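Participant: how would this look folded up:
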Amino acid sequence: MMKRWTRTPIALLAFVGILTGGLAGGFYGLIYDLPEINQLKLYRPSAVTTVYSADGQVITRFYLEKRFPVSLDDIPKSLIQALITTEDRGFYSHSGINLKAIARALVHDIKARRFEQGASTLTQQLAKTLFLSSEKSLVRKIREAILALQIERRYTKDEILELYLNQIYLGSGAYGVEAAARTYFNTTVSGLTLGQAALIAGLPKAPSAYSPLIRPDLAQKRRQIVLKQMRSEAVITKPAFDRASAEPVLVDSPQPSSDKAPYFTGYLSKKLKSMGDLGQASGLSIYTTLDMGLQHTAMQSFTRHMDRLEKRMQNAQDLQGAVVALDVHTGAIRCMIGGRQMGQQLFNRSVQAMRQPGSAFKPFVYAAALEQGWEQNQTLTDAPLSYDLPDGGVWQVNNFSKDFKGKMTLRSALALSKNTPAVRLAEKIGIFSVTDMARRAGIKAALPSYLSLALGTAEVSLLNLTSAYSSFPGQGIRARPHAIDRIEDQNGQVRYRYRNVKETVTDRITAALTTDMLKAVVLEGTARKARKIKTDIAGKTGTTDRYKDALFVGFSPALACGVWVGNDDATSLGPVGTGASAALPVWIDIMAVAVASHPVQYFDIPDGTKMVYILPDTGAPADPAIPGAVKALVRSNSLNKN
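Facilitator: Got it, this is the predicted structure:
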């Protein structure tokens, strides 16, 4: 008998020990990997990165979560009252959990045999949002309650409420009440009306279902529930209830465009990804080089002329185009258009498309010759030209104009875009001199060392080609293109500032002589339409075989701009698809605005050069009064070599 009584307490103690250990183990399993609540004040949600133009306008915003953190002091009392009345009336009195609500919800869920009713306080919702998943399980609810109790012990109610209002998801991509106010009502949270505040307060229950942008009818019903609860709790008066109930669910004014320069910001986004941790950070202020006024002008002109051109084309395909403009002296990208689409995942034709430049490549041939001592008043022969090919064929060099002028100056050959003189010149100076000049100018594409390169048979991007042209008005110096001026963090500290990178392409005299020859393209050649711009401008048309590509790349003393037009599948644009007809009109519109907004500037005339009058065909010196005489820049010690 004694042995039996002795064994019983031992067994009981063992059972109690096992039970206690099991409970302790289970409790440990619930809390062992819970986060450190005392670090909650240091929590920084992913904030919006704002992108600004050069003049401080907001271009767009980047975000993983659309969120604009605000202080509790900036949030109207009506929104706080609406939220607490709807979601957690005992918020300022409970310890983080509401035992009565939990018991009531538990009884309901047991009867329903599934999780239907929640009983989460605002503190529990915050704990779940910050630290837990949305899984519906008893374990998750217990962990949520434990976290809520810890949060309540360490932080004030106002601190908890501010975190909640900035963190909660409120539908349509909006996180936090400020983002919701901007998304749904085009206002800041401090500017919300009572009806708007009630609508936002009703969203946490089912953000997607009650979003006024998706289901305005359900949003209105949910708003009325919130307003009725506020009225029943005497939080608002009857007149206030009536006014709020009569408010429209959505404001009539359209939401501002989310992106004013989508191709530029797409280019910018890729640059940010290459910047490592800084490029991945949130809450930044990115100050870019984009000139929003010029971008707007470019977009208007581009759209108008592309629509007109498409109507003139006999077989309109997927007509596309691109525009890019750069500051000559800094390389800052001032405008960028990469096509006619405005959707997502844009293919940026100003950067990504590789197309033949045609005659727009010829300036590098002439610049290489000038660097070797040639003068623009020297002459070349424009006559039939052909070469035997290794495979037994013949390459016949033809002019776009289908005629030949005989003896003509380098100046006229470039101005009139004659092919045979350009090929003859490349042969005289050596094709490797041409490729070397293009490489120094920044052309990155493959440059085959064939004489056909002189006619622009290599494929280049518009940004690369325009940047290469900038070395001519830049006194032989090319500044690398860039899109970002500086980046500041959330505390206003500068985390990145662009340092101008410049590369020497050629000497100052060669650059000035080439610029003057390109000025002749406007004054006497294929771009005479641009003479309406009454200041120093220069450039070159480009038209490829069978009208597949139309280009105009040119510059003023301050700005280089390139325009490309073509079909994505490289089919013919038809006879309207020349550089002068398809691309030049857009360029003229952009440059007219650009030069008008700056003081009058002139192209460089360096020491060692002089302006003389010549006859454009023979290059012979001429009296200014002689009809047809043109002013040309030559070296001071030059002779009339022909």
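
Participant: what helix or strand does Lys631 sit in?
Facilitator: Per DSSP states H and E, Lys631 falls inside strand 630-635.

Participant: What average pLDDT does that strand get?
Facilitator: Strand 630-635 shows a mean pLDDT of 96.

Participant: Partner strands of it and their direction?
Facilitator: strand 609-614 (antiparallel) (DSSP bridges).

Participant: where are the low-confidence patches of this structure?
Facilitator: 1-46, 64, 98-119, 130-141, 252-258, 314, 316-317, 342-345, 639-642 (pLDDT under 70).

Participant: which parts of stretch 210-229 are buried?
Facilitator: For stretch 210-229, a neighbour-count test (16 or more other Cβ atoms under 10 Å) marks 210-212, 215, 218-220, 222-224, 226-227, 229 as buried. Backbone N, C-alpha and C define where each C-beta goes, glycine included.

Participant: chain center to it: distance?
Facilitator: 35 Å (Cα atoms, centre = their mean, to the nearest Å).

Participant: Other residues contacting that stretch?
Facilitator: Applying Cβ atoms under 8 Å, 6 or more residues apart in numbering, the contact partners of stretch 210-229 are 82, 85-86, 171-172, 183-184, 194-195, 198-199, 201-203, 205, 208-209, 236, 241, 244-245, 249-250.

Participant: thinking again about what came up before, mind putting the buried residues of stretch 210-229 into TSV with distance to Val423 and secondary structure?
Facilitator: TSV is the format used below for these (distance: Cβ to Cβ, whole Å; DSSP: H, G, I helix; E, B strand; the rest coil):
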residue	distance to Val423	secondary structure
Tyr210	70	coil
Ser211	64	coil
Pro212	66	coil
Arg215	67	coil
Leu218	71	helix
Ala219	69	helix
Gln220	73	helix
Arg222	74	helix
Arg223	75	helix
Gln224	79	helix
Val226	78	helix
Leu227	80	helix
Gln229	84	helix
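
Participant: Which strand or helix spans the residue nearest the centre of the chain?
Facilitator: Nearest residue to the geometric centre of the chain (Cα atoms, centre = their mean): Thr265, 0.3 Å. In this structure, Thr265 sits in helix 262-273 according to DSSP H and E.

Participant: For that helix, C-alpha coordinates in PDB please.
Facilitator: Provided in PDB are the C-alpha atoms of helix 262-273 (Å, rounded to 0.1, in the frame of the first residue of the first chain):
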ATOM      1  CA  PRO A 262       8.500  58.000 -69.400                       C
ATOM      2  CA  TYR A 263      11.500  57.200 -71.800                       C
ATOM      3  CA  PHE A 264      13.800  59.400 -69.800                       C
ATOM      4  CA  THR A 265      12.700  57.900 -66.500                       C
ATOM      5  CA  GLY A 266      13.100  54.400 -67.900                       C
ATOM      6  CA  TYR A 267      16.700  55.300 -68.900                       C
ATOM      7  CA  LEU A 268      17.200  56.900 -65.500                       C
ATOM      8  CA  SER A 269      15.900  53.700 -63.700                       C
ATOM      9  CA  LYS A 270      18.500  51.600 -65.500                       C
ATOM     10  CA  LYS A 271      21.200  53.900 -64.500                       C
ATOM     11  CA  LEU A 272      20.100  53.800 -60.900                       C
ATOM     12  CA  LYS A 273      20.200  50.000 -60.900                       C
END
